[in-house]
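Colleague: Provided below are the primary sequence and the corresponding predicted coordinates.
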Amino acid sequence: MTAHDTPANPFLPRRPSEAVDPRTLARFPFLKEASDHVKAQGIRLGDVLTARAWGTARDRGRERVYQTLEDLEKTPPPDVPLSTEQEQWREILSYPISRMIVSAVADSYLVRRYALAEALRASARLAQEDGRFVNHVAAQLDLDFTADGGTARLHFLDFLRCTSTLRGKEWKLVNQAVDGGYVVLRLEKALRVLQNAVQRKIERELPIEIGDDVGEAFADDVRELRRLLVERKARFRQEDLGRGDIGEFPPCMQKILAEIQAHENVAHMGRFAIVAFLHTTGFTNEEIFKLFGDVPDFAVDVTKYQIEHITGTTSPTEYTPPECSTMKSYGICPGGDSLCHQPWMTHPLKYYRYKRRRAPRRPPPPTAAPPAPG
């Protein structure tokens, strides 16, 4: 007897109706139809958390989260088989399960990594879909978007909103073909814009509110993920990261500092990155605070609170700056130099540590000459 023939199992959902394509819902579980379909099947949260029938979905949900700690630039999240009804339901339910786990860990770095991983997966899957479905996904992302053949049209305001974190001449509005208020893009380039929109949607939605039952169901995973996060961040808190010359800072951090010194408004992610970077490399809270004194929208209380939160003074976490993939995603990376383009260069602190180790040794401060004899 197959899984399709086991109606006695109270946790196996009824067959989806003809109007629903479960494979599509499994491939794009962030769509509203996916959550609506789960609710329509009468699947209860308690069953998903504990029932043996949903064990594979819980395992897949865990896998989705652990994959976010891998090098997503080199190894994007792999796809999974979705040919059977069981595989499709496993994937559909693993998405809300993974969101629960991320929310239980309650780490902003993990939220950003998770959103990026899910967006990369969605982008790869969208590349295999026709224009009609791509338009449907774009509509759920609140974009005025139309794909037709190998091109797409996106309202210029949506283009600006979705590419504000992307740098490079190819993303500047003045370099786009604009027709009647719509930016005309190659479909491949348009999918990159949709990837950003998916990432922002998922990141805005997290963390979700969870109950004690979720924390209990995934207690071991929450402890392990927190341990891995501490370990990952600790890689960049080596003793040789002590204060050094600003010339040893990576281009992204030099750019943010230059913007602050030029009295420009720096985006929230840029402020987070530079505060975490300076803290990790040995600057005090007071020194970091003084740095922001001339920023146009400087607010004493807010700035002090943010610095103390990021540095762990008033929070349980000492944050490290985002890795290169996140910096690029948010448009903080200015393109970098030749060192940035090395395949192993994946984090601003790796850049700084490399420069520090190869910097000429500074002579010790001069000491007073001994008194002349006699």
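Modeller: It's in. Numbers count the residues shown, from 1 in each chain.
Colleague: mind jotting down where the helices sit in the stretch 151-300 of the chain?
Modeller: Secondary structure of the stretch 151-300 of the chain, counting by DSSP state H, counting those that start in this stretch: helices at 156-163, 187-205, 212-217, 219-234, 251-261, 268-280, 285-291, 300-310.
Colleague: point out the most buried one among those helices.
Modeller: helix 268-280 (a mean of 22; mean count of other C-beta atoms under 10 Å). For glycine as for every other residue, the C-beta is placed from the backbone atoms N, C-alpha and C.
Colleague: outside of stretch 216-236 itself, list whatever touches it.
Modeller: 49-50, 58, 62, 65-66, 69, 100-101, 104-105, 107, 109-110, 215, 280, 318-320, 347, 349-350, 353 (C-beta atoms under 8 Å, 6 or more residues apart in numbering).
Colleague: same check on stretch 173-189?
Modeller: Identification of contacts with stretch 173-189 by C-beta under 8 Å, 6+ apart yields 127, 131, 134, 144, 147, 149-156, 159-160, 169-170, 193.
Colleague: could you list the buried residues of it?
Modeller: Under the neighbour-count criterion of 16 or more other C-beta atoms under 10 Å, stretch 173-189 has Q176, Y182, V183, L185, L187, K189 buried.
Colleague: now that stretch: how far from the chain's centre is it?
Modeller: 26 Å (C-alpha atoms, centre = their mean, to the nearest Å).
Colleague: again with stretch 40-59
Modeller: The answer for stretch 40-59 is 27 Å, by C-alpha atoms, centre = their mean.
Colleague: kindly report the same for stretch 198-210.
Modeller: Using C-alpha atoms, centre = their mean, the offset of stretch 198-210 from its chain centre is 10 Å.
Colleague: and the chain, what are its domains?
Modeller: 13-106+217-227, 131-202, 241-358 (automatic domain parsing).
Colleague: of these, which is nearest Y114?
Modeller: domain 13-106+217-227 (4.8 Å; C-beta to C-beta).
Colleague: ok, now which ones touch the residue nearest to A152 when sequence neighbours are not counted?
Modeller: With C-beta to C-beta, 6 or more residues apart in numbering as the criterion, A152 has its nearest non-adjacent residue at 3.7 Å, and that residue is A190. For A190, the contacting residues are V134, F145, A147, T151, A152, L154, by C-beta under 8 Å, 6+ apart.
Colleague: go on, F30?
Modeller: Y95, E118, A122, V198, K201, I202.
Colleague: go again with 7 Å.
Modeller: Taking C-beta atoms under 7 Å, 6 or more residues apart in numbering, we find F30 in contact with Y95, E118, V198, K201, I202.
Colleague: now these in a markdown table, with distance to F30?
Modeller: Below are the contacts of F30 laid out as a markdown table (distance: C-beta to C-beta, whole Å):
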| residue | distance to F30 |
| --- | --- |
| Y95 | 7 |
| E118 | 7 |
| V198 | 7 |
| K201 | 7 |
| I202 | 6 |
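Colleague: turn those residues into CSV, including pLDDT and distance to M269.
Modeller: Below are the contacts of F30 laid out as CSV (pLDDT from 0 to 100; distance: C-beta to C-beta, whole Å):
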residue, pLDDT, distance to M269
Y95, 97, 25
E118, 95, 18
V198, 96, 17
K201, 94, 17
I202, 95, 16
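Colleague: looking at the helices of the stretch 151-300 of the chain, which is closest to E33?
Modeller: Shortest separation from E33 across these is recorded for helix 187-205, at 14.9 Å, computed as C-beta to C-beta.
Colleague: CA-only coordinates of that closest one in PDB, if you can.
Modeller: The C-alpha coordinates for helix 187-205 follow below in PDB (Å, rounded to 0.1, in the frame of the first residue of the first chain):
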ATOM      1  CA  LEU A 187      14.000  38.700 -18.500                       C
ATOM      2  CA  GLU A 188      17.200  37.400 -16.900                       C
ATOM      3  CA  LYS A 189      17.900  40.800 -15.400                       C
ATOM      4  CA  ALA A 190      14.300  41.200 -14.300                       C
ATOM      5  CA  LEU A 191      14.500  37.900 -12.400                       C
ATOM      6  CA  ARG A 192      17.400  39.400 -10.400                       C
ATOM      7  CA  VAL A 193      15.200  42.200  -9.400                       C
ATOM      8  CA  LEU A 194      12.500  39.700  -8.400                       C
ATOM      9  CA  GLN A 195      15.100  37.900  -6.300                       C
ATOM     10  CA  ASN A 196      15.600  41.100  -4.300                       C
ATOM     11  CA  ALA A 197      11.900  41.600  -3.900                       C
ATOM     12  CA  VAL A 198      11.500  38.000  -2.500                       C
ATOM     13  CA  GLN A 199      14.400  38.500  -0.100                       C
ATOM     14  CA  ARG A 200      12.900  41.700   1.200                       C
ATOM     15  CA  LYS A 201       9.500  40.200   1.600                       C
ATOM     16  CA  ILE A 202      10.800  37.200   3.600                       C
ATOM     17  CA  GLU A 203      13.100  39.300   5.700                       C
ATOM     18  CA  ARG A 204      10.300  41.800   6.600                       C
ATOM     19  CA  GLU A 205       8.100  38.900   7.700                       C
END
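Colleague: that one vs helix 156-163, what angle?
Modeller: 70 degrees (axes from the mean of the first three to the mean of the last three C-alpha atoms, to 10 degrees).
Colleague: list the contacts of the top helix by length along the chain.
Modeller: Counting residues, the longest helix found in the chain (DSSP state H) is helix 85-105. Residues outside helix 85-105 that contact it (C-beta under 7 Å, 6+ apart) are 3-4, 13, 22-23, 25-26, 29-30, 34, 38, 48, 54, 56-58, 60-62, 64-65, 80-82, 110-111, 114, 206-208, 210, 214-215, 218, 221-222, 225-226.
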